[in-house]
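My questions concern the predicted model and sequence given below.
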Amino acid sequence: MIDVHLLILAVAVLVGLASSYMAITERDLLKAVGYSAAQAVAYTIALYILMAPDIVLAYVAIAVGVYSALLVFLISKTKRYEEGASDGS
């Protein structure tokens, strides 16, 4: 029978990978920051399952808190939407 911890770990890693992909492909920069924060939470859960509490505490504070807040502040100083490449070539 599959261990519950391994199942949670697999789901957390898959959610992290999907969130990473969504953050990279998103044109709305605020949504991309949200996807990045979701990716950080998913990987935090994975690190917790892998029994690394010291890394979890540092990763939550930096990746979810400081990094997201800094990116939202920087986006507020620029345009919210990424402009696409022109097809003139």
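Structure's in. What do you need? Numbers count the residues shown, from 1 in each chain.

C-alpha from now on. contacts and neighbour counts both.
OK.

can I get the CA coordinates of stretch 73-83 in CSV?
Provided in CSV are the C-alpha atoms of stretch 73-83 (Å, rounded to 0.1, in the frame of the first residue of the first chain):
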residue,chain,number,x,y,z
PHE,A,73,5.9,46.6,-5.0
LEU,A,74,8.1,46.6,-8.2
ILE,A,75,5.1,45.7,-10.4
SER,A,76,3.3,48.7,-8.9
LYS,A,77,6.1,50.9,-10.2
THR,A,78,5.8,49.5,-13.8
LYS,A,79,3.1,48.2,-16.1
ARG,A,80,1.0,45.2,-14.8
TYR,A,81,0.8,43.4,-18.1
GLU,A,82,3.8,42.0,-20.1
GLU,A,83,3.9,43.2,-23.7
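
Could you check how far that stretch is from the centre of its chain?
Its chain's C-alpha centre and that of stretch 73-83 lie 18 Å apart, by Cα atoms, centre = their mean, to the nearest Å.

Quick check: mean pLDDT of that stretch?
Mean pLDDT, stretch 73-83: 87.

swap in stretch 34-50?
For stretch 34-50, mean pLDDT is 94.
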